[in-house]
Every structure is written in structure tokens, then in C-alpha cells.
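Engineer: How does the following fold in three dimensions:
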Amino acid sequence: MFNAPVLVLNQNYEPLNVCDIRRAFTLLGADKAELLERNHQVIHTPTLAIAAPSVIRLIYLVKRPRPRVKLSRREVFARDRHTCQYCGATSRDLTIDHITPKHRGGRHEWENLVAACRNCNHRKGSKTLAEARMALLREPRAPRADVRYLFGSYLADEQNDPWRSYLFLSDARS
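Structural biologist: Sure, this is the predicted structure:
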């Protein structure tokens, strides 16, 4: 019951994170947050019945670094739209290629990783792009962590639909 998600907004209404109902009540009780939306659940105490919070806003501004997309195979494939970055073939059977090979000082980071089909990855092997006489279709960059990346998994639950207006998403489910 206390594990239901609550959207936490910064003072400027920027979405910060998600906490549980227990943490939300703690922030509300300490006057560190204000209630913006109520949940479908009702919390019963011996003397009260309280509607659980769904969206709260902090009273003070929290400065934080920009969230980043975690580097993983799945995210590299999603960034590259499941397309080989050398020949343009679209497939679900892709590999990850280091543009500058690791043994030549290439790092395991967004700007050095691309999706490649098996043929192109094999053809390039442990060579640089110039040595393999290959070119990239697009320069790889780290993707931005958008609202859908950060909070999309919570939006699948209809009970969190009130969050959409605070996440600047339309009411239409997408």
C-alpha cells in the first residue's frame, strides 16, 4: 500500500524523481513539499482517512546534474534505430562496434560505440575507420535523457495518468 509511486517535482515544476507514499508523507509532514494531486488510494489511520498523494512539489529548489541515459547495448541499438551505422541495414541481429578499437585506446563510451551488422563488424575488425576504408552514416552522440526515458515505465499504469500534465505529455496514451 505504501509502495505506490509518487511523482516529485522541483520547486519550478521540473520532474525530479519518483518516491513511495511513505517518503511523500514524510516530505509533506515536514513542510518540505506541497500536495498537487491525490492518488486513488486511501490511507486509514485510527482516526483519519487520508487520500494518498500522487504528485508533490518541493518547496525549495534542488540543483542537480542533468540525468544521463545509461550506456547499455539496448540503448546503443535504440539510439541507432537498430540500423547498421556502416551500411544502413536494419536488423534485430546487430553487434556493437568500437569505432576506435579498445586495444588502440578506444574507450567504452557513447561517442565510440555504434550498432553494426555482423558483416560490417567483421569487415572492419580491429582496424580504424580509415584503415578499413569505411565511413559512419551518423556521428555517434550520447542521447538525452527525456521524460519518457525517465518516467515512461510509470506511465504504463493508468493510475499515474495525472502525471502526464506535469510531465508535459498529452492526455492521449502513447
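Engineer: ok now do the residue nearest the centre of the chain, which residues does it touch?
Structural biologist: Centroid-nearest residue in the chain: Y149, 2.8 Å away (criterion: C-alpha atoms, centre = their mean). Neighbouring residues of Y149 by C-beta atoms under 8 Å, 6 or more residues apart in numbering: 69, 143. In this view, the C-beta of every residue, glycine as well, is placed from N, C-alpha and C.
Engineer: One more: E37?
Structural biologist: E37 touches 53-55, 162-163, 166, counting by C-beta under 8 Å, 6+ apart.
Engineer: Check R23 too.
Structural biologist: So R23 contacts V6 (C-beta under 8 Å, 6+ apart).
Engineer: Among the contacts of E37, name the ones in strands.
Structural biologist: Judged by DSSP state E, those include 53-55 as members of strands.
Engineer: what helix or strand does the residue of the chain most remote from its centre sit in?
Structural biologist: Most distant from the centre of the chain: T47, at 40.6 Å, with distances by C-alpha atoms, centre = their mean. Using DSSP states H and E, T47 sits in no helix or strand.
Engineer: just M134 next, same as before
Structural biologist: Here M134 is assigned to no helix or strand, by DSSP H and E.
Engineer: That one contacts N121, correct?
Structural biologist: No: in this structure M134 lies outside contact range of N121 using C-beta atoms under 8 Å: 10.4 Å.
Engineer: so how far is the first residue of stretch 65-78 from its last?
Structural biologist: Taking C-alpha to C-alpha, to the nearest Å, the first and last residues of stretch 65-78 lie 23 Å apart.
Engineer: ok, back up a step: confidence score at the residue farthest from the centre of the chain?
Structural biologist: If you check T47, the pLDDT there is 90.
Engineer: Would you mind measuring the gap between the ends of stretch 76-84?
Structural biologist: Stretch 76-84 has an end-to-end distance of 11 Å (criterion: C-alpha to C-alpha).
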